[in-house]
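> Turn this into a structure:
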Amino acid sequence: MFAHYRGNVTALHRARQAVIEGTGHTAGAPVPTFLSHGWAAADPVGMRTLQRAFARELTPAEQAAWRTGEPGRRTAGVHLARPPTGRNQIWELDHKQIPMLVLPPRGTALGPWMTTVIDDATRALVGWAITATPHAGTVLTAIRMGLVHDPDRGLFDAIPATGRLDRGPEFAAASVRKALACLGVDVHRRPAYTRQSQDVCSAGGTTTAPVVV
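The predicted structure follows:
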């Protein structure tokens, strides 16, 4: 029934009510027999109840698929979702240009860059560094913040088991590799970007996703 009405719960509810009330028609067209037989002896259900039921039973990707087809499913779906992990098992390291302009002491206005270190399990922002242009030094600064205990930031200081790094050259710098190797951190570099390779766990979109600061 959800598929027949292309994910339109309002139209589905209207057709269901028409069958229960005995009219059997909506918008001048009869309700399909395969639906009317099942609804004929059913109890009335409010539209909000139906909406909550479909929202509970179907994922956003499944709902989008019935509304707009495969493109909708791809847009609303999660590609390569990762299994849950424990705190400090995986740290995500990434750069993100902040959507604002600042005027430095010298030169023209620019959009600063933020290097982030995010704990994969808790979504806590354990380390960061802001600069005009990202480089290996900002990566090391953000990592150090995550390693050093600071009571004002909470109990997030630790050495991670794995560091998942962006493809940027700053993360491949010898100084960054050496520092992580000395800490015994297993380093994974994320694959090159493709339109379908993004997922909710990557740190690339974390400044627009919920994080704990």
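> Can you tell me how far residue 3 is from residue 62?
With distances taken as Cβ to Cβ, to the nearest Å, residue 3 is found 10 Å from residue 62. Placement of C-beta: from N, CA and C, glycine included.
> Compare the two and say which is more crowded by neighbours.
In this view residue 3 and residue 62 are compared by other Cβ atoms under 10 Å, and residue 62 has more residues nearby, 17 against 8.
> OK, contacts around that one?
residue 73 (Cβ atoms under 8 Å, 6 or more residues apart in numbering).
> check which helix or strand covers it.
Secondary structure assigned from DSSP states H and E places residue 62 in helix 60-68.
> CA-only coordinates of that helix in CSV, if you can.
C-alpha atoms of helix 60-68 as CSV (Å, rounded to 0.1, in the frame of the first residue of the first chain):
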residue,chain,number,x,y,z
PRO,A,60,14.6,7.1,5.4
ALA,A,61,16.2,5.5,2.4
GLU,A,62,13.3,3.0,2.0
GLN,A,63,10.7,5.8,2.2
ALA,A,64,12.7,7.9,-0.3
ALA,A,65,12.9,4.9,-2.7
TRP,A,66,9.1,4.6,-2.9
ARG,A,67,8.7,8.3,-3.4
THR,A,68,11.4,9.1,-6.0
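> Beyond it, next helix or strand please.
helix 70-76.
> Pull out the buried positions in that next one.
Going by neighbour count (16 or more other Cβ atoms under 10 Å), the buried part of helix 70-76 is 72-73, 76.
> So which elements touch it?
The contact analysis (3 or more Cβ pairs under 8 Å, 6 or more residues apart in numbering; DSSP states H and E) places helix 70-76 against helix 60-68.
> Pull out the buried residues from the helix it packs on.
62-66.
> Tell me how far it lies from the chain's centre.
Here the centre of helix 60-68 is set off from its chain's centre by 17 Å, with Cα atoms, centre = their mean, to the nearest Å.
> Likewise for stretch 19-27?
Averaging C-alpha positions (Cα atoms, centre = their mean) puts stretch 19-27 41 Å from its chain's average.
> How about stretch 60-76?
Distance, stretch centre to chain centre, for stretch 60-76: 16 Å (Cα atoms, centre = their mean).
> Would you mind measuring the gap between the ends of it?
6 Å (Cα to Cα, to the nearest Å).
> returning to what we had before: closest to residue 183 among the buried residues of helix 70-76?
The closest of the buried residues of helix 70-76 to residue 183 turns out to be residue 76 (Cβ to Cβ; 38.1 Å).
> Could you measure from the closest one over to residue 59?
8 Å.
> mind listing the strands for this protein?
Applying DSSP state E to the chain gives strands spanning 25-26, 29-30, 90-97, 113-119, 125-131, 162-165, 186-189.
> Show me what the fifth one is packed up against.
This means strand 125-131. strand 113-119, helix 136-147.
> Could you point out which of those sits nearest residue 190?
Nearest to residue 190 among those is strand 113-119; the distance by Cβ to Cβ comes to 13.1 Å.
> by contact count, what packs against the closest one?
Looks like strand 113-119 contacts strand 90-97, strand 125-131, helix 136-147 (3+ Cβ pairs under 8 Å, 6+ apart).
> what angle separates that strand from helix 136-147?
Put simply, strand 113-119 runs at 30 degrees to helix 136-147, going by axes from the mean of the first three to the mean of the last three Cα atoms, to 10 degrees.
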